[in-house]
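J.: my questions are about this predicted structure, shown below with the sequence.
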Amino acid sequence: MSDAHNYYKQCLEQNYTPEQAEEYTKKYFPDFIATPTPPLASNQLNATNASANDAGVWAIQTANNGLLFTKIAAFLMKAFSGGLAFPWANCMVIEKWANNVRIDGRGIRFTGCPSDLFKIWIKVLLLSWLTAGLYYLFVGRKAVAAYIDSHIKWA
């Protein structure tokens with residue numbers, strides 16, 4: 001597609017009429033000739049509008065003993081273990097959160113295990129220490145989040 005056609009198409013996407021879009025395009029591309037586009041059928045138009053406006057519905061339902069208490073327990077685990085219980089505490093919080101989230105009415109679950117997260121955490125810690133923090137800046141800070149994201153599945 002040529003630059004002129006791209007410009008014409010962008011004008012149409014900005015809700016200009018075909019005549020206006022052609023007029024503006026001819027200002028910058030004098031040799032431009034607009035090809036008529038067939039109008040959308042009403043069902044195509046409604047489907048386009050619905051998909052553009054539908055962002056999905058998600059909700060966090062109330063937990064039995066509350067996510068707040070789980071986060072407090074996780075903080076205490078981390079504090080009393082000197083940070084060694086970080087993976088177990090994080091898995092506990094993420095699992096509680098995932099069990100109470102609904103996206104478009106569907107539940108999700110966390111399938112990760114603390115021992116795998118512990119291995120990632122130790123690797124990030126050691127490599128960050130060896131590289132004076134550079135590993136953490138470029139790779140490490142995303143490693144735990146990537147592990148958690150990769151272990152969230154539909155229930």
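T.: Thanks, I have it.

J.: okay, and the residue nearest to Y7 when sequence neighbours are not counted sits in which element?
T.: Among residues not flanking Y7 along the chain, T25 sits closest, at 5.2 Å (C-beta to C-beta, 6 or more residues apart in numbering). Yep, even glycine has a C-beta here, placed from its N, CA and C like the rest. Assigned by DSSP states H and E, T25 belongs to helix 18-28.

J.: contacts for that helix next, please.
T.: Identification of contacts with helix 18-28 by C-beta atoms under 8 Å, 6 or more residues apart in numbering yields A4, Y7, Y8, C11, L12, Y16, F32, A34, P36, T37.

J.: hmm, 7 Å instead?
T.: Residues from elsewhere that reach helix 18-28, judged by C-beta atoms under 7 Å, 6 or more residues apart in numbering: A4, Y7, Y8, C11, L12, Y16, F32, A34.

J.: the chain: helices as residue ranges?
T.: Applying DSSP state H to the chain gives helices spanning 3-13, 18-28, 42-53, 67-80, 86-99, 114-130, 134-135, 141-150.

J.: quick one: these as CSV, columns for mean neighbour count, distance to I108 and mean pLDDT too.
T.: Output for these, formatted as CSV (neighbours: other C-beta atoms under 10 Å; distance: least, C-beta to C-beta, whole Å; pLDDT from 0 to 100):
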stretch, mean neighbour count, distance to I108, mean pLDDT
helix 3-13, 15, 35, 80
helix 18-28, 15, 44, 82
helix 42-53, 9, 22, 46
helix 67-80, 14, 15, 93
helix 86-99, 19, 5, 92
helix 114-130, 15, 18, 93
helix 134-135, 16, 30, 94
helix 141-150, 13, 11, 92
